[in-house]
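Q: everything below, folded, please.
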Amino acid sequence: MKTGIIAFGLLAAACSRSPEQLVQNDGMTPAPVAAVAMPTPDASVTSTPVDVPSDPRASYLILSNNEMPNGHREVMSRRSGPSGESYARREIDCGTGTVRYIGEGDTLAEAQSDSPNPGDMTTPVTESITGVITAAACGS
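A: From the prediction side, this is the model:
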């Protein structure tokens, strides 16, 4: 039991120090870990929250909404819910209202990787997650 109390005390002492104090430490306190910023698909775009009634326990953000060379939209979204975070990258044709997944995963990097078989463009169900993201991305 004393070992646990001592370890907790050392941990609490380390957490109360500033990064400068940790660098100039006594050799027993671990050096600070550098923070790594998650890249955004397009830093010029502000994340847009999207309300998805069919998934009330999760929150959704459109992280980027960029025009592709073919005139379609490339939309990166993030879902945050009880099971964690996931990302989806969709190609959306606002003119026809069709969409397909072109990348997805548990991390932004996974979703930025091209899907090996994106499939055909399809019309999403209006109330579905993809339907709501499509309407938000197209401004309808």
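
Q: ok so Ala109 is a helix residue?
A: Yes - counting by DSSP: H, G, I helix; E, B strand; the rest coil, Ala109 is part of a helix.

Q: for it, grab the count of nearby residues.
A: 12 (other C-beta atoms under 10 Å). In this view, the C-beta of every residue, glycine as well, is placed from N, C-alpha and C.

Q: just the pLDDT for it.
A: Turning to Ala109, the model gives it a pLDDT of 96.

Q: one more: Ala13?
A: The model's pLDDT for Ala13 equals 43.

Q: with Leu61 as the reference, measure out to Val50.
A: Remark: distance between Val50 and Leu61 (C-beta to C-beta, to the nearest Å) = 7 Å.

Q: if you could redo that for Ser47, that was the one I meant.
A: 4 Å.

Q: now Ser86
A: Taken as C-beta to C-beta, the span from Ser86 to Leu61 is 12 Å.

Q: which neighbours do these two share?
A: Arg78 (C-beta atoms under 8 Å, 6 or more residues apart in numbering).

Q: for Glu91, what are its contacts?
A: Contacts of Glu91 (C-beta under 8 Å, 6+ apart): Met68, His72, Arg73, Glu74, Val99, Arg100, Ile102, Pro118, Met121.

Q: if you set the cut-off to 10 Å instead, what comes out?
A: Applying C-beta atoms under 10 Å, 6 or more residues apart in numbering to Glu91 gives the contacts 68, 70, 72-75, 98-103, 115, 118, 121.

Q: SS state for Ala137?
A: helix.

Q: that one contacts Val50, doesn't it?
A: Yes - with contacts counted by C-beta atoms under 10 Å, Ala137 reaches Val50, the gap being 8.8 Å.
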